[in-house]
Each structure stands twice: as structure tokens, then as C-alpha cells.
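After the sequence you'll find the predicted model.
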Amino acid sequence: MQVHVVSHPEVEVDPAVPVPQWGLSEAGLARLERLLDLPWVRSASFVASSAERKALQTAQAVAGVSGRAVHVDDELGENDRSATGFVPPSRFEALADAFFAEPERSVRGWETAAVAQQRVVRAVDRVLARAAAVPGAPGDGGIVIATHGGVGTLLLCALRGVAIDRRLDQPGQGSWYCFDSETRHVPHGWRRF
């Protein structure tokens, strides 16, 4: 069974709104239309999502074209960065670099990359078990997990059995890769949609 890991597309950044409540921007909604044109999206038999609004919007769109319900798992959420709240993009990139570069160290109070990776792997294992338990799913259509770039990167490193490394990060918001649910083989890295 193919599992497609999808990062939400571009978001509307609003420093006055908590990051988990950010929604998709106009550019993100336009990119989302490209995702919905992919054949594996339309045939998805199981859709899972982070509880964060931007990922939920992505999952709900997939569910809308595949006719499936969205199964939410809080542990598919981005690494906990509540210690800093909103960080301007120029400063955020430096913090994200440090997050990936030193996985065992907390960057300014953030959840560590190592802890986040363990959480995400557990969540994905749970999603796969839930999909197998749903009558008629996963079937032939595969599983779609709508989440975040950092989450997908941590999972990709775990699936490939390599150290956490930002060089495996998504090329931009609104990207995807897939893996086999049984073998955990990843045939390719991130691709934009």
C-alpha cells in the first residue's frame, strides 16, 4: 500500500494569530488545486491529518475529492515551538537550521527534533493501523497523510534510516513523497505539487 505524505501548501502568515491556527493563503489554495489533480489523491482510501488548520484544510480538500473522512491525529503536528511563538521568517530559518543540526538540543525552548521524530513515527504507525482497521480501507487507493514540512522531513529521515538532516527538507510548502506501508521503502524524495 502506498502512503503519500503531503505538506500543506503556502499559508497566510499573521503574527497576531497562533501558528497552529494559520490557514492557507490564496497561493496555497491555488497550489492545493494542483494536488487535487493527482490520480492518487482522487483514489485515496484513507486520509489522515495533523490537527493544525493548514494541514486540515489540505486533508479536507483531499477527502472532498476522494469521498473519505479525515482522521485527525494531534501527534502529526509540527514540532512544538510555543516557547517562542511567532518568529519572523528571516529569524525562523536560522532557528530551523539549528533544530535540524542538533536534534537532541532544544532551540529556544522548542521540542527537540529527536523527540518530535519519535512522536511522528508513532503517529504514522497509528495511522497505518487505523487505516488497516477501517472496513473497505485502505483498499487499492492508498493513504494520504496531510501534515507539515518539518514533520515530513523527520519522518523521511526515519524511513530512510539516516540521521536527522535538513538537506532532506521539502523544496517548498506544498510538496509530497510516498512510501510503501509494508517495506517502508521510499522511492523518491519530496516533489512539489
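Nice, I can see it.

can you give me the helices for this structure?
Secondary structure of the chain (DSSP state H): helices at 26-36, 39-42, 53-66, 89-101, 113-133, 149-160.

how about those helices, which one is nearest Asp74?
Comparing those by their distance to Asp74 (CB to CB), the top pick is helix 113-133, with 8.1 Å. Yep, even glycine has a C-beta here, placed from its N, CA and C like the rest.

That closest one vs helix 89-101, what angle?
Following axes from the mean of the first three to the mean of the last three CA atoms, to 10 degrees, one obtains 80 degrees for the angle between helix 113-133 and helix 89-101.

What helices and strands are in contact with helix 113-133?
On a contact count with 3 or more CB pairs under 8 Å, 6 or more residues apart in numbering; DSSP states H and E, helix 113-133 meets strand 46-49, strand 143-147, helix 149-160.

how about that helix: buried residues?
Residues of helix 113-133 classed as buried under the neighbour-count rule (16 or more other CB atoms under 10 Å) are 113, 116-117, 119-120, 123-124, 127-128, 130-131.

now it and strand 143-147, what's the angle there?
Helix 113-133 and strand 143-147 meet at an angle of 150 degrees, taking the same axes, to 10 degrees as the criterion.

Off-centre distance for helix 113-133?
When distances are taken as CA atoms, centre = their mean, to the nearest Å, helix 113-133 is centred 12 Å away from the chain's centroid.

ok, and what's touching that helix?
Contacting residues not belonging to helix 113-133 are listed as 1, 3, 45-46, 48, 71, 73, 75-76, 79-80, 99-100, 102-104, 137-138, 143, 145, 150-151, 154-155, 157-158, 164, 181 [CB atoms under 8 Å, 6 or more residues apart in numbering].

switch to 7 Å and redo it
By CB atoms under 7 Å, 6 or more residues apart in numbering, the residues outside helix 113-133 that reach it are 46, 48, 71, 73, 75-76, 79, 99-100, 103-104, 137-138, 143, 145, 151, 154-155, 157-158, 164, 181.

ok now do the residue lying closest to Ser175 once chain neighbours are set aside, which residues does it touch?
Leaving out its chain neighbours, the residue that sits closest to Ser175 by CB to CB, 6 or more residues apart in numbering is Trp190, at 4.4 Å. With contacts defined as CB under 7 Å, 6+ apart, the neighbours of Trp190 are 170-171, 175-177.

now swap in Leu154 and tell me
The contact partners of Leu154, taken as CB under 7 Å, 6+ apart, are 113, 116-117, 120, 164.
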